[in-house]
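# Please work out how this folds:
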Amino acid sequence: MTATTPRAEIRTGFASDAHAFGPDDGLWLGGVELPQAPRLFGHSDGDAVLHAVAGALLGAAALGDLGSVYPADERTRRGVASSELLQGIVARLAAAGWRPLALDVTIVAGRPRLGAHLPAMRTRIAALLGLEDGSVSVKASTGNLGGDVGAGRAIAADAVATIERTGGDA
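Residues are numbered from 1 along each chain as shown. From the prediction side, this is the model:
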């Protein structure tokens, strides 16, 4: 009889999020502020990137969606930083016995130009997830300038998260 090594349980989740631009300045994207760009409209700071990341993590762990954890009503503080919401999601995953392994994000935006900000977003997201920078990819696309995103009226983000079981209550 041969002993087998237990395989780590690994899951993958996907999520998308999009927000239209609002009237104020101070865009938060990927946990980084771009102060000269228009702010995204939302109950929180509108960071579509961190919302997609949170949704992908929740989906991978089968723990619901961002709106069920943080409803856009009086139960969630208006204007809350999305980084604070993501930290809560990471804690929820840990309590359920999961930890992030890797993340891939694509931001789709006709404006502003994001290339110079991508390394800072990568570093910030990695820190929020407790990962090395090399385990996080953040890319940007204009989406071929189609729809509200291409017209510069909104920003969208897609995220794929890989998590592994660490133990816990799940």
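# how about the helices in the protein?
In the chain, the segments counted as helices under DSSP state H are 48-60, 66-69, 82-95, 118-129, 147-150.
# need these in TSV with mean neighbour count and distance to Ala37, can you?
C-beta here means a position set from N, CA and C on the backbone, and glycine is covered the same way. Output for the helices of the chain, formatted as TSV (neighbours: other Cβ atoms under 10 Å; distance: least, Cβ to Cβ, whole Å):
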stretch	mean neighbour count	distance to Ala37
helix 48-60	27	13
helix 66-69	16	23
helix 82-95	18	16
helix 118-129	20	13
helix 147-150	17	14
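# Looking at these, spot the one closest to Asp104.
helix 48-60 (9.0 Å; Cβ to Cβ).
# Report pLDDT for Val69.
Val69 carries a pLDDT score of 87 in this model.
# cool, Thr106 as well?
97.
# Kindly report the same for Arg77.
pLDDT, read off for Arg77, is 84.
# phi, psi of it?
Backbone geometry at Arg77, expressed as degrees, to the nearest 10, gives phi -60, psi 130.
# Of the helices of the chain, which is nearest Gly110?
helix 147-150 (4.7 Å).
# Name the surrounding residues that touch stretch 66-86.
15, 17, 28, 31, 42-47, 50-51, 53-55, 58, 63, 88-89, 92, 124, 128-129 (Cβ atoms under 8 Å, 6 or more residues apart in numbering).
# Now tell me which helix or strand of this protein has the poorest mean pLDDT.
helix 147-150 (a mean of 83; mean pLDDT, DSSP states H and E).
# got a list of what Asp151 touches?
Residue 151: Ala, not Asp. So Ala151 contacts Gly110, Leu145 (Cβ under 8 Å, 6+ apart).
# Could you measure from it over to Ala102?
32 Å (Cβ to Cβ, to the nearest Å).
# hang on, the earlier thing: using PDB, write down the CA coordinates of the least confident helix or strand of the chain.
Output of helix 147-150 as PDB, limited to C-alpha atoms (Å, rounded to 0.1, in the frame of the first residue of the first chain):
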ATOM      1  CA  GLY A 147     -19.600  51.500 -25.500                       C
ATOM      2  CA  ASP A 148     -19.600  53.800 -22.400                       C
ATOM      3  CA  VAL A 149     -16.100  52.600 -21.400                       C
ATOM      4  CA  GLY A 150     -14.600  53.400 -24.800                       C
END
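# No more questions from me, cheers.
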